[in-house]
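Chemist: need a 3D model of the sequence below.
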Amino acid sequence: MKPCGIERFLRAGAVADRIGFILEQEGLLKSADCLACDVCCRFPESASLLARIHQIEGLERIRFTTSHPMDCSPALIAAFGELPRLMPSMHLPVQAGSERIVRMMRRSHSVDQLRGQVAALRAARPEIAMTTDIIVGFPGETEADFQLTMDLLEELRFASIYSFMYSERPGTAAARIADDVPLAVKKERLKRLQSLQDGLTAQWMASHEDQEVEVLFEGLSPFRLQGERANGLMRSDGCAPQLMGRSPQNVKVHVAASDPKALLTWPGRLGRVKVRRVGRHSLSADLIALR
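Modeler: Next up, the predicted model:
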């Protein structure tokens, strides 16, 4: 399921029933995004919900978009090793590498807690792709605090991050703290952070080169009208339709198709592909076989 309009909050059983109903009625649902469309999985029963969804026949993939560290329970971690159709990707927002700054943000987790969760998730599912959120320039952040964040990225080596400069939000607790980090310093720290992560992401992306991966095709690639460079990749054939899908780790994969009917027949299907080129944030691959 793709995100579809207003987020609704449903009971766990209702989520599983809805997915099963749509699959039975339409036969089109190949992937369930448990957060974006159906449920905000911020409750203790998230692991049991995933197990229940996993039992639905015909559902190929399960993915949830975000989990708060306080909800990343041992049961949820174990689910990644027990449920093969639960995709190996996980987003855990750490926000900063300094315990002092995380406490000032009034987060309910510690940096050490997140370290343990990342280690446990990788033990349960070695191929899991981890992502996170980072805020730089929070009020009171010193250069030493910022260096702890840089050190954390080096240590945990996330596949990618979402990074932002702090900006005041009226009505929040942080708004009552003096925003004492100059804008120029925030910009400089963000640039250094993103430069470090760009290198870490490039190393992780490079590990896909020449590998075979399974892709769930979604539709036409945005490269279809571009004969020039796009996101580090080149179209292999200016005349062939090119489709985009996602790997189990949620990486976009672009595949050229010689079959002109591919636009009608590939979306919603799984295919085995071989990666032949690595871009900054996506892959280019050749089709081996469709399922």
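Chemist: who are the contact partners of residue 97?
Modeler: 111, 145, 148, 149, 150, 151, 152, 153 (CB atoms under 8 Å, 6 or more residues apart in numbering). In short, each C-beta sits where N, CA and C put it, glycine included.
Chemist: in a strand, that's where it is, yeah?
Modeler: No - judged by DSSP: H, G, I helix; E, B strand; the rest coil, residue 97 forms no part of a strand; its state is coil.
Chemist: about what we covered before: could you export the contacts of residue 97 as CSV, including secondary structure and pLDDT?
Modeler: Compiled in CSV, these are given as follows (DSSP: H, G, I helix; E, B strand; the rest coil; pLDDT from 0 to 100):
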residue, secondary structure, pLDDT
111, helix, 96
145, helix, 98
148, helix, 98
149, helix, 98
150, helix, 98
151, helix, 98
152, helix, 98
153, helix, 98
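Chemist: which of those residues are buried?
Modeler: Among those, the ones that count as buried by 16 or more other CB atoms under 10 Å are 111, 145, 148, 149, 150, 152, 153.
Chemist: quick one: contacts for the nearest residue to the second one once chain neighbours are set aside?
Modeler: Closest residue to residue 145 in three dimensions, ignoring its sequence neighbours and counting by CB to CB, 6 or more residues apart in numbering: residue 98, at 3.9 Å. With contacts defined as CB under 8 Å, 6+ apart, residue 98 is in contact with 111, 141, 144, 145, 146, 148, 149.
Chemist: related to what we said a few turns ago, what is the nearest of the buried ones among the contacts of residue 97 to residue 270?
Modeler: residue 153 (32.9 Å; CB to CB).
Chemist: chain center to stretch 174-188: distance?
Modeler: 28 Å (CA atoms, centre = their mean, to the nearest Å).
Chemist: determine how far the last residue of it lies from the first.
Modeler: 22 Å (CA to CA, to the nearest Å).
Chemist: give the buried residues for that stretch.
Modeler: So, applying 16+ other CB under 10 Å, buried residues of stretch 174-188: 174, 179, 181, 185, 186.
Chemist: in those residues, find the pair that's most separated.
Modeler: 174 and 185 (17.1 Å).
Chemist: helices and strands of this protein: which one bottoms out on pLDDT?
Modeler: strand 31-33 (a mean of 54; mean pLDDT, DSSP states H and E).
Chemist: next helix or strand past that strand?
Modeler: helix 46-54 (DSSP states H and E).
Chemist: quick check: mean pLDDT of that next one?
Modeler: For helix 46-54, the mean pLDDT works out to 88.
Chemist: return the list of helices and strands in contact with the helix or strand just after it.
Modeler: Past helix 46-54, further along toward the C-terminus, the next helix or strand under DSSP H and E is strand 61-63. Secondary-structure packing of strand 61-63 (3 or more CB pairs under 8 Å, 6 or more residues apart in numbering; DSSP states H and E): strand 31-33, helix 46-54.
Chemist: which parts of whichever strand or helix holds residue 276 are buried?
Modeler: Assigning secondary structure by DSSP H and E places residue 276 in strand 270-278. By neighbour count on 16+ other CB under 10 Å, the buried set for strand 270-278 is 270, 271, 273, 275, 277, 278.
Chemist: stretch 60-76 now?
Modeler: For stretch 60-76, by 16+ other CB under 10 Å, it's 60, 61, 62, 63, 64, 65, 66, 67, 69, 71, 72, 76.
Chemist: hang on, the third one packs against residue 53?
Modeler: What that stands for is residue 62. Yes - Residue 62 lies in contact with residue 53 (CB atoms under 8 Å); the separation is 5.6 Å.
Chemist: show me where the stretch 1-150 of the chain has helices.
Modeler: 12-26, 46-54, 74-82, 99-104, 111-124, 143-156 (DSSP state H, counting those that start in this stretch).
Chemist: one step back: TSV for the contacts of residue 98, including distance to residue 265?
Modeler: Converted to TSV, the contacts of residue 98 look like this (distance: CB to CB, whole Å):
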residue	distance to residue 265
111	48
141	52
144	57
145	53
146	50
148	51
149	46
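Chemist: show me the domain layout of the chain.
Modeler: When the chain is parsed with automatic domain parsing, its domains come out as 1-87, 88-207, 212-290.
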